[in-house]
Each structure stands twice: as C-alpha cells, then as structure tokens.
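K.L.:
Here is a sequence with its predicted model. Questions after.
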Amino acid sequence: MPKSLPRKTFPFAIPNSTPLYLAPMAGVSESPFRRLCHSHGADVVVTEFLSAEGIRRENEATISKLRFSHDERPIGVQIFGAEPKAMADAAAMVTDLFMPDFVDINFGCPVKKVVRRNGGSGCLKDLDLVQEIIRAVVKSTHLPVTVKTRSGWNEEMRDPVGIALRMQDAGATVFTLHARTRTQMYSGQANWDEIAKVAEALDIPVLGNGDIKTAEDAKRMLDHTKADGIMIGRGSYGQPWIFNQARALIHGEPMPSTPGVHERFEIALGHARMVQAYETDPVGAAIEFRKHLGWYVKGLPNSADLRAKLHQVKDFAEVETIFTNYLSFYDEYVARGAKADDPDISDLTCEAA
C-alpha cells in the first residue's frame, strides 16, 4: 500500500504523494512522448537534458527543445554544464521565457562528449564545483531547483549519501539517484540499497532510478528503498502504459493488462501523429521516430522482419500501411491457433507486412 501521507514535501504541486516521473532522456523525452506518458499516468515529466551554453547563446536547436504545452505540467527543464555562471544564466533564461515548474540539474549523464567537458557526471570529480553550480542556479531563479546524479564518479569515489547531503546543503529541493557510478555506465545492476540509504539520510524528497523495466520493478524499488517517488527511464520505451500499471500496483490494485497488438499499434500511431504535428521537418521526424517504432513492436511475432520494414520509413503514412498489413498477418496467425505472444511462426510468413 502507498504511504498515507507524503513523508517529505515536494516543492511543486503533484497529483500523487508518491509521484512517478518520466526521466529526462536525450532524443526520447521530447514533448510528444512527455504528453503521451502524462496521458498514461506519469505524474511529472522532465525535458531531455539541454546545454547551458546552448541556452544562453540562444542556439536554435537547443531553444526548440524547450517548447512544451500546458498539458505537460508539472514539467521540469533539465540543464547541464560545468560553469556556474553559465548554468545560472541558463536557469534565469529558462525561468523568464519558458516558466517550467522546476529547473533540474544533470549531474548524472555518463556520455563521453558531455563528461569530457566536466558536464553531467563529470562534475562528480569535484563536489565543491557541484555545490557552486547548485548555489548559482538557486540564486538565479525563484523556481525549485532539483538534481539528478549518480552514486559517484567511480568505485573509489562512490559516496551517494555524502554526495546527496552536499547537494541538499547547496539548495537542491528534490534529489534523484541513479544508483550506478559513471564508470559503470549502464552495466551491472543499480544498487537500490544506496537509494534506501539516501532516502533515509535526506530531509528533501528522494527519487529512485535505475533498472526499472516493468511496473513490478517500480513497485519492488519503492518497497525496497522507501523512496519518495520513482523515476522511470528506459522502462518507458515502447510501453508508456508502465506508469498506470505501476500506479495500480503501488495502490494495491489489480494491474491493468498490457495492451494487445491492435491497441499497442493505436497508441504508437497516436504518438506518431503527435510527433508529426509537433515537428517542422516531416522526413526527419519520421526517421527519428523509427527507434520508437522498434520499441513498440519488440517481442511481437516476426518482429525482426517488422522492425526491418519500420526502420526504413521516411513518411508517417508508411507506418500506418505497415501496421495494417502486419495486423492482417497477425490476426490470421492467431486464428490458426498460435498464442498471441508466441514468436514462433515457422509455418507462417509475413510477406504482406
């Protein structure tokens, strides 16, 4: 059962005392996907991480990613950088021009091109700098400032509680821990025990992140860590309904069933239409959307052949045609007595798809 009262107070209005966040993910958590996840139960969303330098220099590509609609609230804008003045300027600009519900600082990204400029998790090599950045951002905005980070730069510097306390002391109002070090990247297992220790040590809300692939994982993490909320990243790929499913389990209710193939395709097409309406380059948008299509069809019968076709689309209309053809095959496949989730189709081909 969920906590009857929130143990800690979030600095902005949220619909549930134990919120489920959509993680900030480069190239994934764009406005259409954020809106889709909100409609499927995500309580809070965050933009993909954006360069402070790009924001304050008004880089067109960076600024375009700051757009969001009212139905995405509550929403945070996540920024990264290693220069306190640049981070403060970016936060002030985001506050004045876009007015999100909070500003989030990325201290967790492990990608080499970010880290080599000491951004993201690169900052974890210098916790004095981390505090300087947080304090500069806090002074530059009236909005709540939150942070997302890792357990340390490497095993020798692994100190999630110490890092968390220093970030809290600098002015962070919500703390998210992806319980891996930077050098681990995404390998191994996230250490949920560390999230539990941080949740116990801090006075501000703590979100757990890492290795949540299913709704059951979200419930297990919450039970294990007693965190104040959960942030779901890669577990949302191709299954935005994970949020409603996780919410039901948290409330001790029966978990909604996973959408069948027909419903899954309708959700995917709805997502595609939102992308088509949002983006200005239809061909580029269709090409970028291929990754989502691959996630939506993962695990379906003959999915390799289906993915191969979808990964060649350059027009959203092609997606609907491919889906329609596949459903004809799929319905025949099921009618012949195969299980709906059985990938073995040795006696049936999918030429139409």
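P.N.:
Structure received. Residues are numbered from 1 along each chain as shown.

K.L.:
use CA for all of it now, contacts and neighbours both
P.N.:
Will do.

K.L.:
which helix of the protein spans the most residues?
P.N.:
The longest helix of the chain (DSSP state H) is helix 316-335.

K.L.:
Identify each buried residue in that helix, please.
P.N.:
Neighbour-count burial for helix 316-335, counted by 16 or more other CA atoms under 10 Å, picks out Phe316, Val319, Glu320, Ile322, Phe323, Thr324, Tyr326, Leu327, Phe329, Tyr330, Tyr333.

K.L.:
How confident was the prediction at Arg158?
P.N.:
We have a pLDDT of 87 for Arg158.

K.L.:
Same question for Gly299.
P.N.:
We have a pLDDT of 91 for Gly299.

K.L.:
Quick one: residues contacting Ser140.
P.N.:
Contact analysis of Ser140 by CA atoms under 8 Å, 6 or more residues apart in numbering lists Ala88, Asp89, Ala91, Ala92.

K.L.:
so the last one makes contact with Thr141?
P.N.:
Yes - between Ala92 and Thr141 there is a contact under CA atoms under 8 Å: 5.5 Å.

K.L.:
Any chance of the buried residues of helix 316-335 in a markdown table with pLDDT as columns?
P.N.:
Output for the buried residues of helix 316-335, formatted as a markdown table (pLDDT from 0 to 100):
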| residue | pLDDT |
| --- | --- |
| Phe316 | 94 |
| Val319 | 96 |
| Glu320 | 95 |
| Ile322 | 97 |
| Phe323 | 97 |
| Thr324 | 95 |
| Tyr326 | 95 |
| Leu327 | 95 |
| Phe329 | 88 |
| Tyr330 | 90 |
| Tyr333 | 79 |
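
K.L.:
who's in contact with stretch 245-261?
P.N.:
Everything outside stretch 245-261 that qualifies as a contact, by CA under 8 Å, 6+ apart, is Met1, Pro2, Leu20, Gly41, Thr214, Ala215, Glu216, Ala218, Lys219, Trp241, Asn244.

K.L.:
which residue ranges form the helices in the chain?
P.N.:
Going by DSSP H, the chain shows helices at 31-39, 52-56, 60-64, 84-98, 112-115, 127-140, 160-170, 192-201, 215-225, 242-250, 261-278, 282-296, 303-310, 316-335.

K.L.:
worst average pLDDT in those helices?
P.N.:
helix 112-115 (a mean of 54).

K.L.:
How is this structure divided into domains?
P.N.:
20-250, 261-335 (automatic domain parsing).

K.L.:
which stretch among those comes nearest Lys8?
P.N.:
Across the domains of the chain, Lys8 has its closest neighbour in domain 20-250 (5.5 Å, CA to CA).

K.L.:
Give me the distance between the two termini of that closest one.
P.N.:
10 Å (CA to CA, to the nearest Å).

K.L.:
picking up where we left off before, just the contacts of stretch 245-261 now: which is nearest Ala52?
P.N.:
Using CA to CA, the contacts of stretch 245-261 come closest to Ala52 at Leu20, 26.2 Å.

K.L.:
Please identify the deepest-packed of the domains of the chain.
P.N.:
Of those, the one with the most neighbours on average (mean count of other CA atoms under 10 Å) is domain 20-250, at a mean of 21.

K.L.:
Spatially, which two of the buried residues of helix 316-335 are the most separated?
P.N.:
Greatest spatial distance in those: Phe316 and Tyr333, 25.8 Å, computed using CA to CA.

K.L.:
Skipping adjacent residues, who's closest to Arg166 in space?
P.N.:
Of all residues not flanking Arg166 in the chain, Gln131 sits nearest, at 6.8 Å (CA to CA, 6 or more residues apart in numbering).

K.L.:
coming back round to it: output the contacts of Ser140 in TSV, with distance to Trp153 appended to each entry.
P.N.:
Formatted as TSV, the contacts of Ser140 follow (distance: CA to CA, whole Å):
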residue	distance to Trp153
Ala88	24
Asp89	26
Ala91	25
Ala92	28
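
K.L.:
Going by distance to Asn106, which of the residues you listed wins?
P.N.:
Checking the contacts of Ser140 against Asn106 by CA to CA gives Ala91 as the nearest, at 12.4 Å.

K.L.:
how far away is the closest one from Gly76?
P.N.:
11 Å.

K.L.:
Mutual contacts of those two, please.
P.N.:
Val103.

K.L.:
Give me the contact list for stretch 189-197.
P.N.:
151, 160-161, 177-180, 206-208, 210-211, 221, 224-227.

K.L.:
which ones are touching Gln239?
P.N.:
So Gln239 contacts Trp295, Tyr296 (CA under 8 Å, 6+ apart).

K.L.:
Next, the contact list for the closest residue to Ser303 other than its chain neighbours, please.
P.N.:
With CA to CA, 6+ apart as the criterion, Ser303 has its nearest non-adjacent residue at 6.2 Å, and that residue is Val297. For Val297, the contact set (CA under 8 Å, 6+ apart) comprises Gly238, Ser303, Leu306, Arg307.

K.L.:
and Val297, how far is that from Lys291?
P.N.:
Shown here: Val297 relative to Lys291, a distance of 10 Å by CA to CA.

K.L.:
mind exporting stretch 199-206 as PDB, just the C-alpha atoms?
P.N.:
Extracted in PDB, the C-alpha atoms of stretch 199-206 (Å, rounded to 0.1, in the frame of the first residue of the first chain):
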ATOM      1  CA  ALA A 199      16.200   8.400   1.300                       C
ATOM      2  CA  GLU A 200      16.800   7.800   5.000                       C
ATOM      3  CA  ALA A 201      19.600  10.500   5.200                       C
ATOM      4  CA  LEU A 202      17.900  13.400   3.400                       C
ATOM      5  CA  ASP A 203      15.300  15.900   4.500                       C
ATOM      6  CA  ILE A 204      14.200  16.500   0.900                       C
ATOM      7  CA  PRO A 205      12.300  14.100  -1.300                       C
ATOM      8  CA  VAL A 206      14.400  11.300  -2.900                       C
END
